[in-house]
Each structure stands twice: as C-alpha cells, then as structure tokens.
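Student: Sequence first, then the predicted structure:
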Amino acid sequence: MISNANGSFTGSTTILLPQSYTPAILFTGITPPRNEQVQDLAFPKNSLDPYLKDWVLVPQNPLMYATPQNQINATSFRDPSTAWFLPDGKWRVLVGSRKDRLGLALLFRSKDFINWEFADHPLYSYPNTGMWECPDFFPVYINSTPMGAETSTFGPTVKHVLKVSLDDNKRDIYTIGSYDIMSDAYTPDSGFENISSLRYDYGKYYASKTFFDDRTKRRILLSWINESSSLDDDMKKGWAGIHAVPRTVWLDISGKQLIQWPILEIESLRQNPVTLPTQSLQQGSLIEIKGITAAQADVQISFKIDDYNGIENFDRSWSNPQLLCSQKGASVNGGLGPFGLLTLASMGLDEYTAVFFRVFKDSNNFKVLMCSDQSRSSLNPTTDKTTYGTFVNVDPIRDGLFMRILIDHSVIESFGAKGKSVITARVYPTLALDDKAHLYAFNNGTTNVGITSLIAWSMKKANIA
C-alpha cells in the first residue's frame, strides 16, 4: 500500500551533504484506512534534470510513524523540517506534533536518511499552544550580517531560530536561542507564546519555510498568504491563497529579533521611479504620489520628527497592538500620527488601505505603533477587513522612521524600520483597481512630520518560466 495514498501534506528538501549532492524530500503522507499522518521520502527520478520534475518514493516508506511505543499522535504528526547533519554522523529532523494542548517539535535521528530513530525528548515543547505545524530550525550568524548560514552550521558564531506555525491562531511564531548539540536541546533566550511573541509577520502570513541559498549565501523565507475574500468569491475567482514575495532573513544587531527584507531580485522589476522632495507633512495633509502604477508598486518613505510637543502618553494597558490599531485607525486623529501611506485608494477615498505609524511617549522612551488598517479597504461587505498592528523596536529620534511597501493588486506587504516589523494584508477593493488605484502620503496627527525621502517605482510583471 502506498503510504501517501490518501494525499500529501507539507515537506522539506534536504541536500544530502557531505555524502552527496542529492536532494531528498521528506514529506507527510496520509495513510489509509484511518488517514494517519506518516513521514515519507522521495528522491529525484533524474537528478540531472535542472527542474527536478519527477520524483520517486522509496520502497521503505513510511519512515516515521506512530507506534504504541512512541505514543505519537497519528492525526497530529506532520510537516518535517529540512534536516541538519552533526559531527556524530547523524542527521536530525523535526516533525510538528501535539499531545493534548502541548505543542511539540519532535526530534528524529538517522545515519542513512532511511532508518530514523525517535529521540526520547522533543527539541522543544510548550504548553497550551496546540498543534505545531511547519517547524523550521536554522542557524543565523551573530554578527548581524545578511549572509545566511548553512543549515548544519553550529558553534559560537551562530544562534539558532526555532519557528513553528500555530494551527490554533494561524500565526508563525519564532524564538532565538542556543542549541546544545551534545544533548540535542534547544533553549530560547526569552519566552515563547504570549501577546508579545516574535512573529515573522503580524498580518496574513502562515506556514512559512526558509532555505539556504548556497549560491548567494542567503537564508530565504517563503510563506503562504491566506485569503480575506469569502468562500463564494474564491469559487468565482477559481483560486485562493498565494505566496508572499520571498524575503532574506538575518539576525538583528541586537541579537533579539530577525530582520526581513524582500529579496534583491524583486528590484529588477522596478521601472519609472518617482520621487517627492523633502517636505513637511502638515496636519491633515494628503499628498498624491503621481506617475506610478499604484496597483503594482514598490514604495520607500522616510519620516523625521522634529516636534514632540503634541505627543500622546502611552497607556500601559495597551498591551495588544492589533487591538490598539483597530481602536486608533487611520481616520482617528492623534498627536504624533497617524501618518504614512494610503495604498490602493480610490478617487474620493471611498476605499483605501492605510499603513501608518503612531508615536507615543512611554516614560523616558518612545513607543512606536505600526498599523495596516483594512477597515476601508473594500466596499464588498463580505470581505474580511481585519486591521493588523505591531509595536516596532525603533528609536524615532536616533533612527528616524522608515517604511517600505510592496503593492500587488490584492497584496500589501509593509516593512517597518528597515525590516524589523512586517505586516502583510490581503485586500479586495471594488473601485481602486488597476489604473483606478491611487497612492497618497497622509498625516492625521496634530503634529507636523517631515518626509525626508520618498521614492516609488512602478513594478513590471514577473516573467516566470
């Protein structure tokens, strides 16, 4: 019986170094008759095929599965990670699972990539987090270089990142910590699941996966963007769900979070740049950025704040940034903000998606809130218009405030503070379509804000063979 006869779930590719350069895919198979989840292996039918179109299942499948001895939950056991190789001559791989409400990154070891032994402890677990999907475990260099580390790298020059996708709330959570190869134990530097957990993205972004690009020495992040349209609208479109623009990821100089930035290749699609001169964005200002295809654009804008007299005090009860963004949307006047960009805006502003900052005073420090407000994104009453937000770890005096936004018709990917915080939105305007879409800089705060630079590019359509 074929162990994936009832379907296949997520998997990961590993290049079998140092033994060979053969790619191998470990993935989850769904096995009849009870639809249990097992882990299967496939190799390329022709490793010389540059596109690796055809794959062959190994006859030993399934390689990892639930038994009475290991007590694995056979209905919650999926999404094997890329494997890594250690000096003891064994490969390691993670598989996501749960035991009741205990989230688990189960650990397996193998010498030959065929015969896998179940470790007597998970690499990491955490209570009351439910099913962990798509676990990802990889090293990052501690010197804050954009250069990525090969997955089997370990030692004093790297920290390790553990990312899991929480099935309960569809969030991708990550921690940064230390990996002890002798005990196969991972210890995060700080806590795991709470309101301030580290996330790749604070919008619609799930089931992510990184890989090491050996040619360019980058760690590249891929992810799925789920829908905001209704099921009926999805049926009419004939499709649902897309991939986000790939991102390069590396460790921030603080060592406390990752930096994410669109891969360099996306810049080859830029054309016809438009700039705005340095100017003051006055209270109530609305400045249109003309001369670009506003429905398909790459926009970078930098702000400078010179006057902090009108700044609002931060209330320590505002612990949930998404809720705060919902309560203090783009149309709610404040002291220092909201200011930012109105994307996919219709003429007359019946529709727009606002991406903006608000700055608060918190004792002797500042609290910077970044929001992606979808509340006015569409006149379609069935579309999800959830507003997203996060606090950004940035000093507006020392660092200024920087925002980059990639706009692609129904997708708005917003990068704050040069990649420290990212919010992805999925919107379906009914008026702001194609050449009817507009882009504006705005300030609805009582304090003037300076635009130190703005450059926007129309984006060509990618030629994907």
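Tutor: Ah, there it is. Numbers count the residues shown, from 1 in each chain.
Student: Show me the shaky parts of the stretch 1-150 of the chain.
Tutor: 1, 18-19 (pLDDT under 70).
Student: This protein: helices as residue ranges?
Tutor: 231-237, 321-327, 396-399 (DSSP state H).
Student: Identify whichever of those lies nearest to residue 172.
Tutor: Residue 172 lies closest to helix 321-327 among those, at 15.0 Å (C-beta to C-beta). Backbone N, C-alpha and C define where each C-beta goes, glycine included.
Student: and residue 414, what is it in contact with?
Tutor: Listed by C-beta atoms under 8 Å, 6 or more residues apart in numbering, the contact set of residue 414 reads 355, 370, 372, 403, 404, 405, 422, 423, 424, 425.
Student: next one: residue 229
Tutor: 237, 240, 380, 382, 383, 384, 426, 428.
Student: Which per-residue confidence value corresponds to the second one?
Tutor: Translated: residue 240. For residue 240, the pLDDT comes out at 90.
Student: Output the contacts of residue 229 as TSV; include the columns distance to residue 64.
Tutor: Converted to TSV, the contacts of residue 229 look like this (distance: C-beta to C-beta, whole Å):
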residue	distance to residue 64
237	37
240	31
380	44
382	42
383	41
384	37
426	34
428	41
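Student: Show the buried residues in the residues you listed.
Tutor: 380, 383, 384, 426, 428 (16 or more other C-beta atoms under 10 Å).
Student: Would you confirm that the first one contacts residue 430?
Tutor: Yes: in this structure residue 380 lies within contact range of residue 430 using C-beta atoms under 8 Å: 5.6 Å.
Student: partners of residue 451 in the sheet?
Tutor: residue 279, residue 303 (DSSP bridges).
Student: what's the burial count for it?
Tutor: 20 (other C-beta atoms under 10 Å).
Student: Ok, the one 4 residues further on next?
Tutor: By the criterion of other C-beta under 10 Å, residue 455 has 16 neighbours.
Student: Check what pLDDT it gets.
Tutor: On the pLDDT scale, residue 455 gets 98.
Student: what sits against the nearest residue to residue 358 once chain neighbours are set aside?
Tutor: Excluding the flanking residues, the one nearest residue 358 by C-beta to C-beta, 6 or more residues apart in numbering is residue 337, at 3.5 Å. Residue 337 sits next to 356, 357, 358, 359, 369, 443, 444, 445, 449 when contact means C-beta under 8 Å, 6+ apart.
Student: Name the member of those with the most neighbours.
Tutor: residue 359 (29 neighbours).
Student: mind checking how far that one is from residue 307?
Tutor: Computed as C-beta to C-beta, to the nearest Å, the residue 359 to residue 307 distance reads 11 Å.
Student: which residues does the nearest residue to residue 372 once chain neighbours are set aside bridge with?
Tutor: Leaving out its chain neighbours, the residue that sits closest to residue 372 by C-beta to C-beta, 6+ apart is residue 423, at 4.2 Å. Residue 423 forms beta bridges with residue 414, as assigned by DSSP bridges.
Student: For residue 375, give me the backbone phi and psi.
Tutor: phi -60, psi -30 (degrees, to the nearest 10).
Student: Name all residues that make contact with it.
Tutor: 326, 329, 385, 387.
Student: mind running it again at 7 Å?
Tutor: Listed by C-beta atoms under 7 Å, 6 or more residues apart in numbering, the contact set of residue 375 reads 329, 385, 387.
Student: Closest one to residue 303 out of these, please.
Tutor: Nearest member of those to residue 303, counting by C-beta to C-beta, is residue 329, at 18.8 Å.
Student: Was I right to think that closest one contacts residue 373?
Tutor: Yes: because the distance of 4.8 Å satisfies C-beta atoms under 7 Å, residue 329 is recorded as touching residue 373.
Student: Mutual contacts of those two, please.
Tutor: Residues touching both residue 329 and residue 373 by C-beta under 7 Å, 6+ apart: residue 387.
Student: who's more crowded, these two?
Tutor: Neighbours per residue, other C-beta under 10 Å: of residue 329 and residue 373, the larger number sits with residue 373, 27 against 19.
Student: Can you spell out which residues form a bridge with that one?
Tutor: residue 354.
Student: so it touches residue 326, yeah?
Tutor: No: under the criterion of C-beta under 7 Å, residue 373 makes no contact with residue 326, lying 8.2 Å away.
Student: Pull up the overlap in contacts between those two.
Tutor: Looking at what touches both residue 373 and residue 326 (by C-beta under 7 Å, 6+ apart), the common residues are residue 387.
Student: From the contacts of residue 229, pick the one nearest residue 33.
Tutor: Using C-beta to C-beta, the contacts of residue 229 come closest to residue 33 at residue 240, 29.5 Å.
Student: Now that closest one. Nearest residue, chain neighbours left out?
Tutor: residue 234 (4.2 Å).
Student: repeat for residue 304
Tutor: residue 450 (4.1 Å).
Student: what number of residues lie near that neighbour?
Tutor: So residue 450, with other C-beta under 10 Å, has 15 neighbours.
Student: Could you check how far it is from residue 280?
Tutor: Residue 450 is 6 Å from residue 280, by C-beta to C-beta.
Student: Next: residue 42.
Tutor: Taking C-beta to C-beta, one finds residue 42 at 60 Å from residue 280.
Student: again, but for residue 458
Tutor: 27 Å.
Student: And residue 235, by the same measure?
Tutor: From residue 235 over to residue 280 (counting by C-beta to C-beta), the distance is 48 Å.
Student: Report the buried residues of stretch 389-400.
Tutor: Applying 16+ other C-beta under 10 Å to stretch 389-400 flags 389, 390, 391, 392, 394, 396, 400 as buried.
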